[in-house]
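Novice: Here is a sequence with its predicted model. Questions after.
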Amino acid sequence: MHINWSGLGEVFAIALAAGVGLVVLFSLGIAALGRRNNEGEATAVNTAVAGVCFLACVALVGYGIYLVVAK
């Protein structure tokens, strides 16, 4: 039995980067939602940033599901 170690390492690195990136995007969205209620802050900008972060999370999860189902 032959194990392709470079392929396994590549899958591990991509999965780690995607997992960390997803958590960072989601936490940035939560932080933007928390900041939009403070007085004096631009609530429209914070709401837009939160929306973009959450949409990026949904896109990443959807792409991951597509990759699993398509194979």
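Specialist: Sure, I can see it.
Novice: quick one: which helix or strand includes residue 67?
Specialist: Per DSSP states H and E, residue 67 falls inside helix 43-70.
Novice: elements contacting that helix?
Specialist: On a contact count with 3 or more Cβ pairs under 8 Å, 6 or more residues apart in numbering; DSSP states H and E, helix 43-70 meets helix 5-35. Quick note: C-beta positions are derived from backbone N, CA and C, even for glycine.
Novice: Quick check: buried residues in the helix it packs on?
Specialist: Neighbour-count burial for helix 5-35, counted by 16 or more other Cβ atoms under 10 Å, picks out 25, 28, 29, 32, 33, 35.
Novice: From residue 56, how far off is the fifth one?
Specialist: Remark: distance between residue 33 and residue 56 (Cβ to Cβ, to the nearest Å) = 15 Å.
Novice: can you pull the contacts of the residue positioned nearest the centre of the chain?
Specialist: With distances taken as Cα atoms, centre = their mean, residue 22 lies nearest the centre of the chain, 2.4 Å away. By Cβ atoms under 8 Å, 6 or more residues apart in numbering, residue 22 lies in contact with 57, 60, 61.
Novice: hang on, the earlier thing: relative to helix 5-35, how tilted is the helix holding residue 67?
Specialist: If you take axes from the mean of the first three to the mean of the last three Cα atoms, to 10 degrees, helix 43-70 sits at 150 degrees to helix 5-35.
Novice: Centre of the chain to helix 43-70, how far?
Specialist: Counting by Cα atoms, centre = their mean, to the nearest Å, helix 43-70 is centred 7 Å from the centre of its parent chain.
Novice: dump the residue contacts of the nearest residue to residue 33 once chain neighbours are set aside.
Specialist: Sequence neighbours aside, residue 50 is the residue nearest to residue 33 in space, at 4.7 Å (criterion: Cβ to Cβ, 6 or more residues apart in numbering). Taking Cβ under 8 Å, 6+ apart, we find residue 50 in contact with 29, 30, 32, 33, 36.
Novice: doesn't residue 48 make contact with the last one?
Specialist: Just to be clear, that refers to residue 36. No - contact criterion Cβ atoms under 8 Å: residue 36 and residue 48 do not qualify, at 9.6 Å.
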